[in-house]
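> Sequence unavailable; structure follows:
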């Protein structure tokens with residue numbers, strides 16, 4: 001089916017004009033950037049042909065536009081105030097990125113105290129090209145290009161589908177806001193979601209909910225068509241601070257967890273640092289076409305340089321450490337060595353839960369990872385398989401402490417980075433872990449990532465309001481080359497995120513917290529980069545992320561289908577598509 005939308009036509013025209021060497025819409029975009037006065041460095045990324053841009057400063061009361069390499073163009077595919085084509089029956093879920101919860105979308109001083117709507121924070125994007133999909137309007141043809149996301153903020157979550165081929169009235173569809181019966185009762189409100197992935201074996205989507213492991217968090221499985229049937233898989237994956245999810249070609253699900261650990265004592269190397277408290281999981285299904293049949297949940301364990309397994313220090317039942325234990329983990333030799341270039345560590349997978357013997361009662365995956373000997377990390381967030389590596393290599397981010405005053409910054413991973421796990425095959429029992437990039441104050445809080453080509457990761461920041469102010473720089477997106485040896489790669493900034501007016505107002509007003517006690521926090525301040533996603537949308541096994549090398553910057557020869565998306569979370573909650581400029 002043809003793609004008739006203006007955005008699609010512009011994208012195709014830009015590529016055609018680029019191949020013919022003509023001037024086009026990019027000339028206007030570049031002129032606009034120059035007019036806005038965004039600082040562009042003169043250097044170009046080696047092998048990428050992109051011009052580096054500057055980080056955008058953070059100044060109270062000042063909104064700023066995004067600075068993007070002039071070789072790229074970004075345009076809006078959806079934004080928070082767009083009305084859903086099918087709001088929820090109670091009218092609360094009405095917009096793409098806001099709840100209609102009794103407060104205006106734009107804050108006003110006529111209310112006491114000034115208030116605004118709860119923002120729902122659309123998160124990780126998953127792009128699919130699938131035919132025969134439906135929507136609320138039975139007479140409308142919804143096309144075949146779709147972008148799915150769960151929503152991270154607010155008291156209740158939901159799943160949306162951006163219909164990339166559709167007109168404005170049918171642009172964004174509410175797929176689901178409640179679940180079918182599972183471990184939780186039918187019609188239970190969906191939780192707020194972080195990650196998402198398409199599973200070509202089950203032909204379903206998986207959405208992850210970040211939580212505390214005891215009563216929140218987990219994975220939910222959803223059908224892609226309207227209306228979506230969503231079921232919790234709490235008896236199979238358990239509860240945890242789950243964020244990133246990926247599928248390998250054996251049908252295993254890889255899950256990256258983020259649960260912030262206990263803060264160290266207010267002195268020395270542990271000042272404002274967090275104890276490593278999060279794990280990397282792999283789920284081996286009994287039947288890769290039907291996750292409901294269960295399987296084995298495994299946790300990654302790594303050895304230190306002394307050859308001994310690195311495990312969590314704390315109570316074996318509750319997972320809660322004493323202060324002395326937390327401090328010891330923060331300043332451990334392993335944390336130092338893991339964040340030193342040239343080091344490598346032996347790894348193995350340990351089964352923490354097997355539905356064949358342990359059943360399908362909801363369990364705490366985070367605590368089981370601790371009691372079974374999993375190795376904790378500094379807030380890993382997302383991971384992805386390296387293209388053309390036959391799923392033998394998995395790269396994941398560490399967000400770190402996101403605080404310039406953390407005592408762990410200098411030597412113990414406070415700035416986070418990228419870690420690289422290499423195995424003989426995706427189902428192998430053992431492997432090797434190495435640091436791929438070690439963060440610093442200017443490049444930290446790494447969250448989502450996607451591969452631009454087989455050697456280059458596009459990693460984006462979620463540094464947080466505190467660090468934004470400490471370094472006077474908002475979030476950025478980087479191209480980082482995975483090193484072949486022990487050298488330190490140099491991050492290349494292709495996107496310096498600005499701050500829209502809505503986020504600027506939130507930052508100045510504490511997110512319009514509801515008065516307490518207890519005070520209820522509603523909205524974040526500064527914008528965050530999330531949902532970075534490059535895919536050709538192939539829903540078959542051949543389309544698994546990590547199978548083929550993306551062809552985004554150099555399309556043509558049948559490789560025009562790779563599309564890049566990201567979401568400017570918080571504020572106006574805008575989801576962008578990025579295309580190469582002519």
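Thanks, I have the structure now. Model, not experiment: these values are computed from the prediction. Residues are numbered from 1 along each chain as shown.
> number of nearby residues for residue 266?
9 (other C-beta atoms under 10 Å). Placement of C-beta: from N, CA and C, glycine included.
> residue ranges of the helices in the chain, please?
Counting by DSSP state H, the segments of the chain that form helices are 6-20, 25-36, 234-237, 323-330, 333-338, 355-358, 365-371, 464-471, 501-508.
> so residue 401 touches residue 270, yeah?
No. At 10.4 Å, residue 401 does not count as touching residue 270 under the criterion of C-beta atoms under 8 Å.
> Could you pull up the contacting residues of the residue lying closest to residue 349 once chain neighbours are set aside?
Once flanking residues are discounted, residue 349 sits nearest to residue 298: 4.1 Å by C-beta to C-beta, 6 or more residues apart in numbering. Counting by C-beta atoms under 8 Å, 6 or more residues apart in numbering, residue 298 touches 281-284, 349-352.
> Out of these, grab the one that's most surrounded.
residue 281 (26 neighbours).
> which residues touch that residue?
Counted by C-beta under 8 Å, 6+ apart, residue 281 has contacts 237, 240, 254-257, 297-300, 352, 365, 369.
> now with 10 Å?
237-238, 240, 242, 245, 253-257, 297-300, 349, 352-353, 365-366, 368-369, 374 (C-beta atoms under 10 Å, 6 or more residues apart in numbering).
> sorry, back to before: so which of the contacts of residue 298 are in strands?
By the criterion of DSSP state E, membership of the contacts of residue 298 in strands covers 281-284, 349-352.
> which two of these lie the greatest distance from each other?
Among those, the pair separated by the greatest distance (C-beta to C-beta) is 283 and 350, at 13.1 Å.
> Mean pLDDT lowest where, among the helices of the chain?
Here the lowest mean pLDDT among those goes to helix 25-36, at a mean of 35.
> and stretch 386-394, how far out from the chain's middle?
Relative to its parent chain, stretch 386-394 has a centroid offset of 19 Å by C-alpha atoms, centre = their mean, to the nearest Å.
> before we move on, what about stretch 388-401?
For stretch 388-401, the distance to the chain centre is 13 Å (C-alpha atoms, centre = their mean).
> Quick one: mean pLDDT over that stretch.
Here the average pLDDT along stretch 388-401 is 97.
> cool, stretch 257-268 as well?
91.
> Give the buried residues for that stretch.
Neighbour-count burial for stretch 257-268 flags 257-265 (criterion: 16 or more other C-beta atoms under 10 Å).
> for stretch 276-294, same thing?
So stretch 276-294, judged by 16+ other C-beta under 10 Å, has buried residues 276-285, 288, 291-292, 294.
> Most widely separated two among these?
Pairwise over the buried residues of stretch 276-294, using C-beta to C-beta, the maximum falls at 276 and 292, 32.8 Å.
> wait, residue 91 sits on residue 100?
Yes. Because the distance of 5.9 Å satisfies C-beta atoms under 10 Å, residue 91 is recorded as touching residue 100.
> Compare these two and say which one has the larger neighbour count.
Using other C-beta under 10 Å, the more surrounded residue of residue 91 and residue 100 is residue 100, with 18 against 10.
> In this structure the more buried one contacts residue 87, no?
Yes. At 7.6 Å, residue 100 and residue 87 qualify as touching, with contact defined as C-beta under 10 Å.
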